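1. Generate coordinates for the sequence data below:
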Amino acid sequence: MDILLKFLQTTGFGLMEPGNAMMIVVGLVFIALAIIKDYEPLLLLPIGFGVIVGNIPYLPDMMLGVYDSGGIVVSDGQVVTEPLASGGEQVKFNSGSVMAYIYFGVRYGIFPPLIFLGIGAMTDFSTMLSNPKLVLLGAAAQFGVFATFLGALWMGFTPAEAGAIGIIGGADGPTAIFLSSKLAEHMLGPIAIAAYSYMALVPVIQPPIMKLLTTRDERLIRMKPPRHVTKRERILFPIIAFLICSLIAPGAMVLLGMLFFGNLLKESGVTERLANTARTSLIDSVTMLLGFAVGASTKAQNFLTPSSLLIFGLGAASFAVATAAGVLFAKFMNLFLTDKINPLIGAAGVSAVPDSARVAQMVGQQEDPHNFLLMHAMAPNVAGVIGSAVAAGVLWSVLVN
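-> Predicted coordinates:
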């Protein structure tokens, strides 16, 4: 009986706390949204299952979670995760858990640049180059980032924490992970979950805001077909854009470097094998590992805190403000333009590629089934990817000290 009781006390059932059960339910909801509603299944399914895995209780000595990173065990029994400067006899190295090694790519910002490489290899900047003024819509949508940064400061977060929270408004999960790993690593889990959750819920969050801020006549606006962009323009753009953006915001160099490198692989026409690898097997593999690791980092004891709830609230506000800013700036631009812009495409200025562009198309076709906005919306959409990375670089440069 003693053995049986000891066994029962070591099972997940015996160690389960209410917070763990709650997070497991959240993981199941994510999986259901991915399968039943088809909300960003490539993101929500790995994250949802990771949440379930990360909240299975276990004995501390088993070292199975993402936070069990191991370290050097010294003579007094203390475990340190940094190299020893002096003192203490080194006895052995505690290797930590496999999950901690997978999470290493999230914690130290390795996975996000690799995802940007794949995004670059998939992205066609032609629509943006054919109508450069639409870049302004991608820039306007970043207003949500800085507005939320100020709001987080007002609520008592440190400047570094506020910067990491504000970037959620860019609706770019990899960028949010990259910046929070640099500025506020202790908030990485909640920020990553919030960013990916709102990315997945783009079809739910954006349409009401878009309809509220536009009239039916504005939603019916038809735009001229984009002009043809030459191959030379497509090849020169990633090189020139990288130089300009990285000189403005050196902190964005890694993300934008990988983004534009991937795009150059695609547009050059001489490295199709590399471009195909980047946009298929590489980005798929990294997305699986990143999503699973982020989900597994939501252990209830670390995740369910008052600050996490504030992060989710501020993230929702940031995303809503970014969407509204893009739509309103498009309406402002129409005051000075002869060829009017359909304000719906302003909502695509957030960098949830290509979902926010699809939402603009969907809302537009609810008014006019023959109005095709997708190609136009892709211009501010890809501009938003660049804009969010630049915003992250600016915040990192300003707040790192």
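
2. what's the pLDDT at the residue nearest to Ala325 when sequence neighbours are not counted?
-> In space, and not counting its chain neighbours, Ala325 is closest to Phe143: 4.0 Å by Cβ to Cβ, 6 or more residues apart in numbering. Any C-beta I mention is one placed from the backbone N, CA and C, and that applies to glycine too. For Phe143, the pLDDT comes out at 90.

3. Distance of Phe143 relative to Ala347?
-> To Ala347, Phe143 is 13 Å away according to Cβ to Cβ, to the nearest Å.

4. neighbour-wise, which of those two wins?
-> Relative neighbour count places Ala347 above the other of Phe143 and Ala347, with 33 against 20, counting by other Cβ atoms under 10 Å.

5. Might you report the residue contacts of that one?
-> 141, 206, 209-210, 323, 326-327, 356, 359-360 (Cβ atoms under 8 Å, 6 or more residues apart in numbering).

6. what does Phe104 give?
-> Phe104 neighbours (Cβ under 8 Å, 6+ apart): Ile110.

7. Start at 39, not 1
-> Yes, from this point I'll number from 39; that puts the last item at Phe142.

8. tell me which of the contacts of Ala385 is nearest to Asp106?
-> The shortest approach to Asp106 among the contacts of Ala385 belongs to Ser394, at 37.4 Å (Cβ to Cβ).

9. tell me the secondary structure for the nearest residue to the closest one once chain neighbours are set aside?
-> Spatial nearest neighbour of Ser394, chain neighbours left out: Ala386 (4.4 Å); criterion: Cβ to Cβ, 6+ apart. Following DSSP: H, G, I helix; E, B strand; the rest coil, we place Ala386 in the helix state.

10. quick one: pLDDT of Ala386?
-> Reported pLDDT for Ala386: 92.

11. Test my guess that Ile157 contacts Phe298.
-> No: with contact defined as Cβ atoms under 8 Å, Ile157 does not count as touching Phe298 (10.5 Å).

12. Looking at those two, which is more packed in?
-> Phe298 (26 against 23).

13. doesn't Phe280 make contact with the more buried one?
-> Yes: under the criterion of Cβ under 8 Å, Phe298 makes contact with Phe280 at 4.2 Å.

14. ok so, going back, just list the residues touching the residue nearest to Ser394, thanks.
-> Here Ala386 is in contact with 175, 364, 394-395, 397-398, 415-416, 418-419, 422 (criterion: Cβ under 8 Å, 6+ apart).

15. Tell me who's in contact with the residue nearest to Ala363.
-> 359-360, 363.

16. among these, who's most crowded?
-> Ala360 leads the contacts of Phe181 on contacts (other Cβ under 10 Å) with 34 neighbours.

17. Helix or strand: which one has the residue nearest to Gly88 when sequence neighbours are not counted?
-> Nearest non-adjacent residue to Gly88, counting by Cβ to Cβ, 6+ apart: Gly333, 2.2 Å away. Element membership for Gly333, per DSSP states H and E: helix 321-334.

18. quick one: average confidence on that helix?
-> On average, helix 321-334 scores 93.

19. can you give me how far that helix is from the chain middle?
-> 12 Å (Cα atoms, centre = their mean, to the nearest Å).

20. picking that back up, roughly how far apart are the residue nearest to Ala363 and Gly207?
-> 8 Å.

21. Return every residue with contacts to both of those two.
-> 359-360.

22. I'd say Leu382 and Gln404 touch.
-> No: using Cβ under 8 Å, Leu382 is not in contact with Gln404, being 10.1 Å away.

23. the more surrounded of these two?
-> Leu382 (30 against 12).

24. show me what contacts the more buried one?
-> Per Cβ under 8 Å, 6+ apart, neighbours of Leu382: 248, 252, 256-257, 365, 368, 398, 401-402, 411, 415.

25. now, which of the contacts of Ala386 sits nearest Lys378?
-> Nearest to Lys378 among those, with distances taken as Cβ to Cβ, is Leu175, at 13.4 Å.

26. Does the nearest residue to that closest one once chain neighbours are set aside lie in a helix or a strand, and which?
-> Counting by Cβ to Cβ, 6+ apart, the nearest residue to Leu175 once its immediate chain neighbours are dropped is Pro418, at 3.6 Å. Element membership of Pro418 [criterion: DSSP H and E] is helix 412-437.

27. who are the neighbours of that helix, in terms of helices and strands?
-> With contacts taken as 3 or more Cβ pairs under 8 Å, 6 or more residues apart in numbering; DSSP states H and E, helix 412-437 sits against helix 164-168, helix 173-178, helix 181-192, helix 197-204, helix 211-221, helix 269-286, helix 291-306, helix 393-405.

28. Report the inter-axis angle for it versus helix 291-306.
-> Counting by axes from the mean of the first three to the mean of the last three Cα atoms, to 10 degrees, helix 412-437 lies at 150 degrees to helix 291-306.

29. And helix 412-437, what's buried?
-> Neighbour-count burial for helix 412-437, counted by 16 or more other Cβ atoms under 10 Å, picks out 412-434, 437.
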